[in-house]
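J.: I'll drop the sequence and a predicted model, then ask my questions.
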Amino acid sequence: MTNIWMHIGAGSFHRAHQAWYLHRLLQEASAEKWKIAIGGIRNDVVPLLTALSEQNNEYTLETVTPKGVRTYEKITSIAKVLPWDAKMTSLIEQGSKEETKIIAFTVTEGGYYLDTSHNLDPNSADIQTELKGTICTIYGAVRAILKERIKQNGKPVTLLSCDNLRHNGDRFRHGFLQFLELCKDTELSEWVKKNTTSPNDMVDRIVPRPAADLAPRVKKETGTDDKAPVMGEAFIQWVIEDNFIDGRPALEKVGAEMVKDVQPYEEAKIRILNASHSCIAWAGTLIGLSYIHEGTLTPDIKQMAWNYVTEDVIPCLTPCPLDLNDYRDVVLERFSNPSIQDTNQRVAADGLSKIPGFITPTLIECYDRGVEPKATAVLPALFFAFMEEWHQGKLPYEYQDGILNADAMHAVFNSADPVATFAGDKALFGKLAGKANFVALIRKAVDDVKKWRATAKK
């Protein structure tokens, strides 16, 4: 018997992470098999899906250690490639089948359209487009799938977010139910509450966008002319809340951690790894660097990340079941891996979601503890300087952000006091926005960043 894990989002991360776990599970002796049906919401997924279809849904995963040791593995966990069309025909058809027990997705932090209060932003252009009948977000896609599923069999299904979003299952579920309320779809909303679960999980593996030299290297090392290879670091982790409504793969057999509460793991990962990653990407870009390892190996930049974690994050997260000092050091070692060639462009993306999601909680908790978060303030200051470069058209690459309103962002830098306008943005800083002490802190941090940049720039 084969159960289907339908995954929405065919990007590199899914194929180097969740698909790897399911591939490894297929190697285990088990009567119950799980395979993946993969598709996407946007039409930019078409070339990849086509390439996968042409090579029997298989592809090569290259992993590399911090010491540069590379290994290659053919991933065989994809059973079906779901062709894209604007009406999401294949996704809806597959998602409505009884064999589909889990509908999972990787749509990036910005793909949930949540504000700093973790509510759905009804004014988002994509959400407004969707309310008019065109599917373009995870909410519209899942709504269409579940409506058809109810018609076909009405069987329960697990809805699993695999994105770097704190409490990702809870946040998706809350946003989805708010979306259904906007759609006035009370019937589906009630069905979802009774017939779905949305486990929280924490995913971790650094997976850069495939570089031009990956496919030639794969061919040289394996003899395979792979049109859809993917690469990532050797490190991998997946911590999952064991809350699946109609069965799940035995992922614990292949190293995933099934737990009752994901929170301590995800807090450490989001605040230490993800926020530091963004810090290094923004800072590196400002002084003319292209890759994460270059920034991590720059003493001033590494110190910014180290200070942020050590001075502010660790006190906020203590006590914790993890050794946070050790975790910090392992993370920075991973970032310094020159073989990964992870670009600042990839990691710097979606800052407008990462500031409130990864960084603002530490700012708030420091103030709540009576401590001024000087080390943490450096991160939004770096983002401010980074976006000022964007505003002036000086970034060395295209900035990608799913919720960027270009006119509104330009208005920030055209205002009489851009720093105060930035520090007064409730969408970024929640209850701290506009407070005099916070604005002063950000102003000093921006000044410090600009002084540092002037002396450090290549």
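T.: In hand now; what should we look at? Predicted, not measured: the structure shown is a model, and the values here were computed from it. Numbers count the residues shown, from 1 in each chain.
J.: what about the residue nearest to Lys87 when sequence neighbours are not counted, how many neighbours?
T.: In space, and not counting its chain neighbours, Lys87 is closest to Ile135: 7.3 Å by CB to CB, 6 or more residues apart in numbering. (Each C-beta comes from the backbone N, C-alpha and C, glycine too.) Ile135 has 20 neighbours, counted by other CB atoms under 10 Å.
J.: flag the shaky bits of the stretch 1-150 of the chain, pLDDT-wise.
T.: 29-31 (pLDDT under 70).
J.: so where do the helices sit in it?
T.: Using DSSP state H, counting those that start in this stretch, the helices found in the stretch 1-150 of the chain span residues 12-16, 18-26, 46-54, 89-95, 125-131, 138-152.
J.: same check on the stretch 301-450 of the chain?
T.: So, for the stretch 301-450 of the chain - with DSSP H, counting those that start in this stretch - the helices run 314-317, 324-335, 344-348, 351-354, 360-368, 374-391, 406-414, 418-423, 426-429, 436-456.
J.: of those, which is nearest His23?
T.: When these are compared by CB to CB, helix 324-335 sits nearest His23, at 22.3 Å.
J.: what residues sit buried inside that closest one?
T.: By 16 or more other CB atoms under 10 Å, the buried positions in helix 324-335 come out as Leu324, Tyr327, Arg328, Val331, Leu332, Arg334, Phe335.
J.: as a markdown table, the residues you listed with distance to Asp185 and pLDDT would be great.
T.: Formatted as a markdown table, the buried residues of helix 324-335 follow (distance: CB to CB, whole Å; pLDDT from 0 to 100):
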| residue | distance to Asp185 | pLDDT |
| --- | --- | --- |
| Leu324 | 43 | 97 |
| Tyr327 | 42 | 96 |
| Arg328 | 45 | 97 |
| Val331 | 42 | 96 |
| Leu332 | 46 | 96 |
| Arg334 | 43 | 94 |
| Phe335 | 43 | 96 |
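J.: what two of those residues are the furthest from one another?
T.: Longest span within the buried residues of helix 324-335, CB to CB: Leu324 and Phe335, 16.4 Å.
J.: which stretches in the stretch 151-300 of the chain count as helices?
T.: Counting by DSSP H, counting those that start in this stretch, the helices of the stretch 151-300 of the chain are 168-182, 186-195, 214-222, 263-268, 275-286, 292-296, 299-307.
J.: list the helices and strands the shortest one packs on?
T.: To tie it back to what came earlier, the one meant is helix 292-296. helix 275-286, helix 299-307, helix 324-335, helix 344-348 (3 or more CB pairs under 8 Å, 6 or more residues apart in numbering; DSSP states H and E).
J.: now the third one against helix 299-307, angle please.
T.: Spelled out, that is helix 324-335. Per axes from the mean of the first three to the mean of the last three CA atoms, to 10 degrees, the angle that helix 324-335 makes with helix 299-307 is 150 degrees.
J.: convert the C-alpha atoms of helix 324-335 to CSV, please.
T.: Extracted C-alpha coordinates of helix 324-335, given in CSV (Å, rounded to 0.1, in the frame of the first residue of the first chain):
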residue,chain,number,x,y,z
LEU,A,324,22.4,27.3,23.3
ASN,A,325,26.1,28.3,23.4
ASP,A,326,27.0,25.1,21.6
TYR,A,327,24.1,25.5,19.1
ARG,A,328,25.3,29.1,18.3
ASP,A,329,28.8,27.8,17.6
VAL,A,330,27.6,25.0,15.4
VAL,A,331,25.4,27.4,13.4
LEU,A,332,28.3,29.8,12.8
GLU,A,333,30.5,26.9,11.8
ARG,A,334,27.9,25.8,9.3
PHE,A,335,27.6,29.3,7.9
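J.: what lies in contact with that helix?
T.: Contacts to helix 324-335, defined as CB atoms under 8 Å, 6 or more residues apart in numbering, come from residues 66, 206, 233, 235, 268, 272-273, 276-277, 280, 292-293, 295-296, 302, 305-306, 309-310, 313-314, 317-318.
J.: Arg171 and Leu114 touch, don't they?
T.: Yes: between Arg171 and Leu114 a contact is recorded at 6.2 Å, counting by CB atoms under 8 Å.
J.: hang on, Arg217 packs against Glu62?
T.: Yes: if you go by CB under 8 Å, Arg217 and Glu62 touch, sitting 7.1 Å apart.
J.: more neighbours, those two?
T.: Using other CB under 10 Å as the criterion, Arg217 and Glu62 rank with Glu62 on top: 21 against 16.
J.: and the more buried one, how far from Tyr308?
T.: As defined by CB to CB, to the nearest Å, Glu62 lies at a distance of 31 Å from Tyr308.
J.: now Ala211
T.: According to CB to CB, Ala211 and Tyr308 sit 29 Å apart.
J.: quick one, which of the two is more surrounded?
T.: Tyr308 (26 against 13).
J.: who's in contact with Glu267?
T.: Counted by CB under 8 Å, 6+ apart, Glu267 has contacts Arg166, Leu317, Cys320.
J.: how many other residues sit next to the closest residue in space to the last one that isn't next to it in sequence?
T.: Distance criterion CB to CB, 6+ apart; nearest residue to Cys320, sequence neighbours excluded, is Pro264 at 5.5 Å. One way to gauge burial is a neighbour count; for Pro264, by other CB under 10 Å, it gives 16.
J.: and the gap between Pro264 and Asn168?
T.: 15 Å.
J.: mind listing what's buried along stretch 202-211?
T.: Quick answer for stretch 202-211 (16+ other CB under 10 Å): Met202, Val203, Asp204, Arg205, Ile206, Val207, Pro208, Pro210.
J.: before we move on, back to that, right, and the helices and strands packed on helix 292-296 - which one's nearest Ala433?
T.: helix 275-286 (18.7 Å).
J.: what helices and strands are in contact with the closest one?
T.: helix 292-296, helix 299-307, helix 324-335, helix 344-348, helix 351-354, helix 374-391.
J.: other SSEs contacting the longest one?
T.: Yep, that's helix 374-391 we're talking about. helix 275-286, helix 299-307, helix 351-354, helix 360-368, helix 406-414, helix 418-423, helix 436-456.
J.: export the ones you listed to CSV and tack on distance to Lys35, mean pLDDT and mean neighbour count?
T.: Listed next are the helices and strands packed on helix 374-391 as CSV, based on distance: least, CB to CB, whole Å; pLDDT from 0 to 100; neighbours: other CB atoms under 10 Å:
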stretch, distance to Lys35, mean pLDDT, mean neighbour count
helix 275-286, 31, 98, 27
helix 299-307, 39, 98, 18
helix 351-354, 31, 94, 25
helix 360-368, 37, 97, 20
helix 406-414, 41, 98, 13
helix 418-423, 47, 98, 20
helix 436-456, 48, 97, 16
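J.: and those helices: which comes nearest Glu241?
T.: helix 360-368 (19.7 Å).
J.: that closest one: how far from the chain's middle?
T.: 22 Å (CA atoms, centre = their mean, to the nearest Å).
J.: hmm, who's touching that helix?
T.: Residues outside helix 360-368 that contact it (CB under 8 Å, 6+ apart) are 116, 166, 271, 275, 312-313, 315-316, 372-373, 376-377, 380, 428-432, 438.
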